[in-house]
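Chemist: Fold the following, please.
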Amino acid sequence: MDELARFIMLNVVERPVINRTGLSGHFSIELDYTRTLSTPLVDRGAADPSAAGTSIFTALPEQLGLKLESTKAPLDVVVIDAIDRPTAN
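Modeler: Next up is the predicted model:
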């Protein structure tokens, strides 16, 4: 489930995703969804944009019984305060 959360974070929602399922181990998962862009492209010849496919937010509960839930959580962050050029030895 950690790998699924990482995949969703990097390839779908582009936001931090935390696995809170409590499930461990390996699973064989097949998920059918259509990735939508945050800024959709307009296709002048396309029909209704909602007919493009199933969103990840619909596919997860319907196909896997999981849900993506927006919440606040502490995250590890790296902060760089300053940077200097290396000096010659």
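
Chemist: How much space separates Leu31 from Val79?
Modeler: 35 Å (CB to CB, to the nearest Å). No exception for glycine: its C-beta is placed from N, CA and C like everyone else's.

Chemist: Settle it for me: which of the two has more neighbours?
Modeler: Neighbours per residue (other CB atoms under 10 Å) separate Leu31 from Val79, with Leu31 holding more: 15 against 4.

Chemist: State the helix or strand in which that one lies.
Modeler: Assigned by DSSP states H and E, Leu31 falls within no helix or strand.

Chemist: quick check: longest helix of this protein.
Modeler: Looking across the chain with DSSP state H, the single longest helix is helix 2-8.

Chemist: Identify each buried residue in that one, please.
Modeler: The neighbour-count criterion (16 or more other CB atoms under 10 Å) identifies 4-5, 8 as the buried residues of helix 2-8.

Chemist: Mind pulling the model confidence for Ser55?
Modeler: At Ser55, the pLDDT value in this model is 86.

Chemist: An error on my part: the question was meant for Ser28.
Modeler: According to the per-residue confidence, Ser28 scores 89 in pLDDT.

Chemist: got the buried residues for stretch 61-76?
Modeler: In terms of neighbour count (16+ other CB under 10 Å), stretch 61-76 has its buried residues at Leu66.

Chemist: mind starting the numbering at 335 from now?
Modeler: Sure thing, new numbering starts at 335, so read that last one as stretch 395-410.
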